[in-house]
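Novice: Based on what follows, work out the 3D shape:
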Amino acid sequence: MPKKTFARIAASFVLTFAIPLLSAQTPAVLTIHANQPLHSVSPTLYGLMTEEINYSYDGGLYAEMVRNRTFRGDWSGILYWYLVENGNAVARMQADATTGPSAALPTSLRLDVEKADPKNQAGVLNTGWWGFALHPNTAYKGSFYAKAGSVDLGPITVSLIDDTTGRPVATATTAPIGSGWKEYEFTLKTGALAPSSTNHLALTAGHTGTLWLQLVSLFPPTYHDRPNGFRIDLMEKLAAMHPQFLRFPGGNYLEGDRIVDHFDWKKTIGPLVDRPTHPSPWGYPSSDGMGLLEFLEWCEDLHMQPVLAVYAGYSLKGDHVNPGADLEPYVQDALDEIEYVTGGPGTRWGAERIKDGHPVPFQLTYVEIGNEEWFDKSGSYEQRYTQFANAIRAKYPSIQLIATAPVKGLKPDVIDEHYYVRATQNFHEATHYDPPTSSSEPRWDGGHFDKTERTGPKVFVGEWATREGAPTPNFGAALGDAAWMTGLERNSDIVIMASYAPLLVRVDPGGMQWETDLIGYNAMRSYGSPAYYAQVLFGSYLGDQVLASKLENAGAKLFYSITGDPAKKKLYLKLVNGSTDAQPVTIDIDGAKLASTAKLVSLHANDTQETNSIEDPTRIVPVESPVHDVSASFHHTVPGLSIQVIEFDEQ
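Specialist: This next block holds a predicted model:
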């Protein structure tokens, strides 16, 4: 994730802050003109940004239960795999670099069984991603590639075993293992057991001989029952955010530490056995089970637009590809990638997508060229961007192009901006994208008075978060987020997309590389942070028009947004009070006849440090209640430390 912050905010901010600091008890006046839309709300305003960090894919959203399914090792042996010698069985295991089931996976685990019988079996076990989460009466579908030194080895017994009792809770037996590489499939069905993650997977043989294994896989039930699919509870939480787009395959994950480590999409499509895996920037390898098609299917499942980021020749540790002939293969690779996404059967890569199981092309509106290219000190991004942009526009003129750093020559359609700050900074920055009120208005580069002209590219706030709390945000962070989002909504004529990052974090020891993260999980459970519920509220209650309005006499930490949906006859008022004091507000609404009762959805905490956790996942959640006696002018009090939505119905 980027290190860019709002460090450029001037220390003199407090002296020039335009809103007077009033007593919390002074009534504010909010005037709303329901029949005066200022501009449309961007239909893609809120979405998701994803990358492989904090075990977000492997060990997280990607539902594979086997850890190190391709037998990567270090000086100590094959990681997360251990020898099984039951009873008087005797065996040895080692990595074998001479044989594997494919060119992508040319190595394997070799098991030499010197002594075994059906009651005293030998084999290997896997400890999973901090265990194997099992539920009662559930089918788990698995497979592996194997070959035997001779047909005498016989079948393999596959078992899920309770760590605490040593007893199998589900068992299956494969067909006898042949002498050539072949895939073997099995299903493990649990019975009436207590849900638990203290389990492991074992593959054992009851006869002597040599066994080679590769790509051992096990999946629980997945979202929409997709093979090679996604974890259900995490997908359900993401769906509740009502995201309109997915930016993928990620930020730093797209770039890789070195050029050779970048997300090479052509190595992530097709059968898993043809995906070689690759290093990721966050200290652990990627299985590439989450490949290009899986990202697109994620978009399909949650009805999101894909925002495809293509590698633009810069990697995290400073390597870059020189523009010109050296860059041309990467430009062609981007064109091929777009063709895979959008092409028909008459195109080379469209036909490849069809072969991979998705005959219908995906709609693609936005392509992002690179990621955080402001870190490239070579100064080559302008030329590299231009080379990519010219090629993409020549072949795909309708695609909107996103630049990830300022460029002076060829104007991008959209510029991607990233912000990681503290809550107080987001309180100050809620007006960051407001238009200037006059040509003489003071302008700071990123400060409170840095108002945004409407003549430049549109803005994609591709990564942002209030970084307070670990592993997930506390309520103070949620308040900062919500204040910032009111500004995004009010200015959604220029800010067309925004996505919080990172989305996901594994809360087990060693599972986090970056704080603060929106949704936490372990093997068994997941939870939404207070900031997650702020995202849910803002995504769930959003009209398609920003309405004319004015807030007067408000405290410095009261923020709002008002949008309307004429088709649904709804008005959505969002109120954020970052102060510990309650704020009374007189709400005057003209231009609409409102029902006398409205719906109030409130998110509140007693302290900024209050939060949710894996042990206490619903400590802070939205609470619904009615608002009675709604009229053209009525009084409402926003409690201290609160995020609220009032949904009005027009008669």
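Novice: pLDDT below threshold where in the stretch 351-500 of the chain?
Specialist: Scanning the stretch 351-500 of the chain for pLDDT under 70 picks out 438-451.
Novice: could you show me where the helices are in it, in order?
Specialist: Applying DSSP state H, counting those that start in this stretch to the stretch 351-500 of the chain gives helices spanning 381-395, 423-428, 475-490.
Novice: May I see the ones you listed organised as a markdown table, with distance to residue 416 and mean neighbour count added?
Specialist: Yep, even glycine has a C-beta here, placed from its N, CA and C like the rest. Formatted as a markdown table, those follow (distance: least, CB to CB, whole Å; neighbours: other CB atoms under 10 Å):
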| stretch | distance to residue 416 | mean neighbour count |
| --- | --- | --- |
| helix 381-395 | 12 | 18 |
| helix 423-428 | 19 | 22 |
| helix 475-490 | 14 | 27 |
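Novice: could you dump these to TSV with distance to residue 242?
Specialist: Shown next, in TSV, are the helices of the stretch 351-500 of the chain (distance: least, CB to CB, whole Å):
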stretch	distance to residue 242
helix 381-395	29
helix 423-428	22
helix 475-490	13
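Novice: how about the ones you listed, which one is nearest residue 406?
Specialist: helix 381-395 (8.7 Å; CB to CB).
Novice: The closest one: how far from the chain's middle?
Specialist: The chain centre lies 27 Å from the centre of helix 381-395; the measure is CA atoms, centre = their mean, to the nearest Å.
Novice: Report all helices and strands that it contacts.
Specialist: With contacts defined as 3 or more CB pairs under 8 Å, 6 or more residues apart in numbering; DSSP states H and E, helix 381-395 has these neighbours: helix 328-342, strand 366-369, strand 400-403.
Novice: Touching it from outside, list them.
Specialist: Here helix 381-395 makes contact (CB atoms under 8 Å, 6 or more residues apart in numbering) with 310, 312-314, 320-321, 323-324, 327-328, 331-332, 334-335, 338, 367, 369-370, 373-374, 399, 401, 403-405, 407-410, 412.
Novice: what's the spacing between the closest residue to residue 173 other than its chain neighbours and residue 211?
Specialist: Once flanking residues are discounted, residue 173 sits nearest to residue 155: 5.0 Å by CB to CB, 6 or more residues apart in numbering. Distance check for residue 155 against residue 211: by CB to CB, to the nearest Å, it reads 11 Å.
Novice: and for the two, which residues touch both?
Specialist: Residues touching both residue 155 and residue 211 by CB under 8 Å, 6+ apart: residue 177.
Novice: Settle it for me: which of these two has more neighbours?
Specialist: Neighbour totals were compared for residue 155 and residue 211, and residue 211 leads with 26 against 15 (other CB atoms under 10 Å).
Novice: Is the more buried one in contact with residue 144, as I believe?
Specialist: No: contact criterion CB atoms under 8 Å: residue 211 and residue 144 do not qualify, at 10.2 Å.
Novice: any residues in contact with both of the two?
Specialist: Contact criterion CB under 8 Å, 6+ apart; residues shared by residue 211 and residue 144: residue 156.
Novice: what's residue 124 in contact with, if anything?
Specialist: Residue 124 makes contacts with 81, 82, 83, 84, 93, 109, 111, 202, 203, 204, 213, as judged by CB under 8 Å, 6+ apart.
Novice: meant to ask about residue 206, not that
Specialist: Applying CB under 8 Å, 6+ apart to residue 206 gives the contacts 116, 117, 118, 119, 120, 121, 154, 157.
Novice: now the second one, which residues is it bridged with?
Specialist: Here residue 117 sits in beta bridges with residue 120, going by DSSP bridges.
Novice: Same check on the last one?
Specialist: Residue 157 has these beta-bridge partners by DSSP bridges: residue 173, residue 204.
Novice: Tell me the pLDDT of it.
Specialist: pLDDT for residue 157: 98.
Novice: Would you mind measuring the gap between the ends of stretch 485-494?
Specialist: End-to-end distance of stretch 485-494: 14 Å, with CA to CA, to the nearest Å as the criterion.
Novice: Now do it: everything it contacts.
Specialist: 38-42, 45, 429-435, 452, 454, 458-459, 461, 495, 498, 534, 538, 542, 546, 559-561, 563, 574, 576.
Novice: quick revisit: nearest to residue 284, out of the helices of the stretch 351-500 of the chain?
Specialist: For the helices of the stretch 351-500 of the chain, proximity to residue 284 was assessed by CB to CB; helix 475-490 is nearest, at 26.2 Å.
Novice: How about residue 508, nearest residue that isn't a chain neighbour?
Specialist: Once flanking residues are discounted, residue 508 sits nearest to residue 130: 4.4 Å by CB to CB, 6+ apart.
Novice: for the chain, longest strand please?
Specialist: In the chain, taking DSSP state E as the definition, the longest strand is strand 28-40.
Novice: I'd like to know which elements that one is packed against.
Specialist: Where contact means 3+ CB pairs under 8 Å, 6+ apart, strand 28-40 is packed against strand 545-552, strand 558-565, strand 570-577, strand 583-590.
Novice: What pairs with the last one, parallel or antiparallel?
Specialist: For strand 583-590, the pairing partners within the sheet under DSSP bridges are strand 28-40 (parallel), strand 633-638 (antiparallel).
Novice: Residues touching that strand, excluding its own?
Specialist: By CB under 8 Å, 6+ apart, strand 583-590 touches 24-35, 554-555, 558, 571, 573, 575, 577, 632-638, 640, 648.
Novice: switch the cut-off to 7 Å
Specialist: Contacts with strand 583-590, where a contact means CB atoms under 7 Å, 6 or more residues apart in numbering, come from 24-25, 27-34, 554-555, 558, 577, 632-638.
Novice: Drop anything exposed from the residues you listed.
Specialist: Neighbour counting by 16 or more other CB atoms under 10 Å classes 24, 28, 30-34, 554-555, 558, 577, 634, 636, 638 among these as buried.
Novice: ends of stretch 558-573, how far apart?
Specialist: Stretch 558-573: ends 13 Å apart by CA to CA.
Novice: Name the residues of it that are buried.
Specialist: 558, 559, 560, 561, 562, 563, 564, 565, 570, 571, 572, 573.
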